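J.: Predicted structure and sequence below. I'll ask about it afterward.
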Amino acid sequence: MGILSQEFIYQSLQSRNYPLVIMELSERGNIIDQDLSVTYAIDIFLDQFFLEVESADNFDDSEILQDLDLLFLTHITDGKYKLKDKYVIRLIPLMVNRTPQSQL
């Protein structure tokens, strides 16, 4: 596993390759928060990701739902990347009708 860079995150964001970044977050966990430039890039990525999801015309789009599921599982699984509270607050309403209440 190479070094996660802000350039990788920005390129993935530009190409809308959300699963690639979310998988990197999942695999690496919060240890990546030690690099402030990467943390800043992750914040920008998550802000843009949520803006796109929240403004989607068709929320039933399977790719969007898969990305949300992957992000949610990453957050709730021990040893994976834990989202900051400001992102959890945005994620939970998007998951509420699709996830057992005990997991929220």
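T.: Perfect, I can see it now.
J.: Quick check: next helix or strand after the one helix or strand in the chain whose mean pLDDT sits lowest?
T.: For the chain, counting by mean pLDDT, DSSP states H and E, helix 62-76 ranks last in confidence among helices and strands (a mean of 92). Using DSSP states H and E, the helix or strand that follows helix 62-76 in sequence is helix 85-95.
J.: So what touches that following helix?
T.: Where contact means CB atoms under 8 Å, 6 or more residues apart in numbering, the residues beyond helix 85-95 that reach it are 46, 50, 53-54, 68, 71-72, 75, 83, 104. Every residue, glycine included, has its C-beta placed from N, CA and C.
J.: so what does whichever strand or helix holds Leu13 touch, helix or strand wise?
T.: Under the criterion DSSP H and E, the helix or strand holding Leu13 is helix 6-14. Helices and strands touching helix 6-14, as assessed by 3 or more CB pairs under 8 Å, 6 or more residues apart in numbering; DSSP states H and E, comprise helix 18-28, helix 36-54.
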